[in-house]
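A.B. asks: 3D model of this:
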Amino acid sequence: MSQKQFPLKEVSIEELFFSPEKNIYEIPIYQRNYAWEKDEIAALISDVYDEYKKGTEKPYYIGTLVSYPKGDNTYEVIDGQQRLTTIRLILAALKCNPSNKLTYRARKRSDETIRHIPNFIKDENHEVDDGIEHGYKYAESALNDLGIAKDDKFIKYFLERVHIIHYKVPKDIDLNHYFEIMNSRGEQLEKHEIEKANLMQKLDNDDERKVFNIIWECCSNMSVYVQQSIDGIKAEDIFGNNLHSLSIGSFDELVRLYLNETGEKQELNKKISIKKLINPDKGNEWEEIKEEIEKKDSFQPIIDFPNFLLIVLKITRMSESGFNPTSFNLDDKELLNEFKNTNMNAEQVRNFGFALLKAKFLLDNYIVHHSKEDDTIDSNPWKLQVWHKEGKNSYLK
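C.D. replies: Numbers count the residues shown, from 1 in each chain. Next comes the predicted model:
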């Protein structure tokens, strides 16, 4: 009788990042961007340092990593990516160069940033993930404050005695079911993040997936006007020059706008590079292209994102033959089941993506919501306002 390999293993940082197999840890697109701040990074380093000072030989555990083996020594990170990225940043700050790689699938900016640590390249051909860059600097600062950035004994302790529990999900497991029951410490996957991954898998190509992700991400920010949240496509191309009307009618139009935007950026990069070659003395003029950063106006949403998704799903299903709206469950606990029951094909996913964007636009601009103002005698925080642009200025109207 063959014996199955136990999927749970205690590993040191050295085993995790310096194994001879040259493993690749892949952060999928449905995971959050790196979001640890200064306090969280400093606390992790401080906790490890406190254990190091005790001088014990016992391992110090800093959490769990859940991954799915994809083959060829590649592991899709299901849970623990924030801590895994932080470990990678600490290693870089300690001047340790891992043999195993941490990559971000379908996120060029994040992937390039993590690959170029600590030499962050900022020019017209390279974008930098601010969260990762800041995280590295926070780690570097915390190590320097404790005087251990170049302490060989601490580095040895960090590599050998700091351990993490690595759980490799068996290949024959139903990942969707696993996502539903997973309940680990830290920032776990939300149901809507799982559903985003499910829907994106059904689309035909990477361009469609990128556009769907753009829509999903901007709509999930329920406290900001969608015109201000859209990233990757010009807001004016979608909402008109004044940003208060929806001037497109389909998901396919969004894909075309995205491809045009990508092409224009590539062409602009080429033109800038040529001018820099012709007139190298004025290189800085082209390197320091400053964009006007618009302050985002936020408000208190009247509904959360999972419930909003269910409402949009119900609306898109109203035209289905045989659909019974009274049996549709508007309980966010049933979000995954309702999407599973719908069983969308690629065309339905595209239609849902556009409906989501349209519904968020209508919700933000045509439904009364609560501003961040205090509710006083002199101030009424309930507003019915549209986000409006006139020339270079944007404001509430």
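A.B. asks: Contacts for whichever strand in the chain runs longest, please.
C.D. replies: Longest strand in the chain, counting residues (DSSP state E): strand 60-71. For strand 60-71, contacts defined as CB atoms under 8 Å, 6 or more residues apart in numbering pick out 10, 16, 25-26, 44, 47-48, 51, 75-80, 83-84, 87, 161-169, 171, 175, 182, 184-186. For the C-beta atoms, the positions are set from N, CA and C on the backbone; glycine is no exception.
A.B. asks: Run me through the strand neighbours of that strand, direction for each.
C.D. replies: strand 74-79 (antiparallel), strand 162-168 (parallel) (DSSP bridges).
A.B. asks: residue ranges for the strands of the stretch 251-397 of the chain, please.
C.D. replies: Ranges of strands in the stretch 251-397 of the chain, per DSSP state E, counting those that start in this stretch, are 299-300, 369-371, 382-383, 387-390, 393-396.
A.B. asks: how about TSV for these, with mean pLDDT added?
C.D. replies: Formatted as TSV, those follow (pLDDT from 0 to 100):
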stretch	mean pLDDT
strand 299-300	82
strand 369-371	81
strand 382-383	82
strand 387-390	85
strand 393-396	84
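A.B. asks: So for Phe251, which of these sits nearest?
C.D. replies: strand 387-390 (22.2 Å; CB to CB).
A.B. asks: strand partners of the closest one, parallel vs antiparallel please.
C.D. replies: strand 393-396 (antiparallel).
A.B. asks: now the partner strand, how far from the centre of its chain.
C.D. replies: Computed by CA atoms, centre = their mean, to the nearest Å, the separation of strand 393-396 from the middle of its chain amounts to 28 Å.
A.B. asks: now stretch 11-23
C.D. replies: 25 Å.
A.B. asks: Stretch 343-354 too?
C.D. replies: That offset, for stretch 343-354, works out to 22 Å (CA atoms, centre = their mean).
A.B. asks: before we move on, the earlier item: mark which of the contacts of strand 60-71 are buried, thanks.
C.D. replies: 16, 25-26, 44, 48, 51, 75-80, 83-84, 87, 161-169, 175, 184 (16 or more other CB atoms under 10 Å).
A.B. asks: can you tell me the helix or strand for Val11?
C.D. replies: Per DSSP states H and E, Val11 falls inside strand 8-12.
A.B. asks: Against which helices or strands is the next helix or strand after that strand packed?
C.D. replies: Moving toward the C-terminus from strand 8-12, the next helix or strand (DSSP H and E) is helix 13-17. Applying 3 or more CB pairs under 8 Å, 6 or more residues apart in numbering; DSSP states H and E, one finds that helix 13-17 contacts helix 81-93, helix 152-160, strand 162-168.
A.B. asks: how about those in JSON lines, adding distance to Lys389 and mean pLDDT?
C.D. replies: JSON lines is the format used below for these (distance: least, CB to CB, whole Å; pLDDT from 0 to 100):
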{"stretch": "helix 81-93", "distance to Lys389": "36", "mean pLDDT": "95"}
{"stretch": "helix 152-160", "distance to Lys389": "50", "mean pLDDT": "96"}
{"stretch": "strand 162-168", "distance to Lys389": "48", "mean pLDDT": "90"}
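A.B. asks: out of these, which comes closest to Pro381?
C.D. replies: helix 81-93 (34.1 Å).
A.B. asks: circling back: which one of the helices and strands packed on helix 13-17 lies nearest to Lys392?
C.D. replies: Taking the helices and strands packed on helix 13-17 one by one with CB to CB, helix 81-93 is closest: 36.8 Å.
A.B. asks: Just after the closest one, pick out the following helix or strand.
C.D. replies: As assigned by DSSP H and E, the chain's next helix or strand after helix 81-93 is strand 101-104.
A.B. asks: on contacts alone, who are the packing partners of that following strand?
C.D. replies: strand 24-27, helix 81-93, helix 108-115.
A.B. asks: what's in contact with the last one?
C.D. replies: The reference is to helix 108-115. Contacts of helix 108-115 (CB under 8 Å, 6+ apart): 27, 33-34, 85, 88, 102-105, 120-121, 126-129, 132-133.
A.B. asks: Which residues does the helix or strand that that helix is followed by contact?
C.D. replies: In the C-terminal direction, the helix or strand that comes right after helix 108-115 (DSSP H and E) is helix 130-146. Contact with helix 130-146 is made by 33-38, 41-42, 45-46, 49, 85-86, 89-90, 92-94, 110, 113-114, 117-118, 120, 149, as judged by CB under 8 Å, 6+ apart.
A.B. asks: now do stretch 364-373
C.D. replies: Outside stretch 364-373, the residues touching it (CB under 8 Å, 6+ apart) are 225-227, 244, 298-302, 379, 381-387.
A.B. asks: filter the residues you listed to the buried ones?
C.D. replies: 225-227, 244, 299, 301, 385-387.
A.B. asks: show me where pLDDT drops low in the stretch 201-350 of the chain?
C.D. replies: For the stretch 201-350 of the chain, residues meeting the criterion pLDDT under 70 lie at 263-295.
A.B. asks: ugh, wrong one, the stretch 1-150 of the chain
C.D. replies: 1-7, 123-125.
A.B. asks: For Tyr395, which of the strands paired with strand 60-71 is the nearest?
C.D. replies: So among those, strand 74-79 is nearest, using CB to CB, at 41.6 Å.
A.B. asks: from the middle of its chain, how far away would that closest one be?
C.D. replies: Distance of strand 74-79 from the chain centroid (CA atoms, centre = their mean) equals 15 Å.
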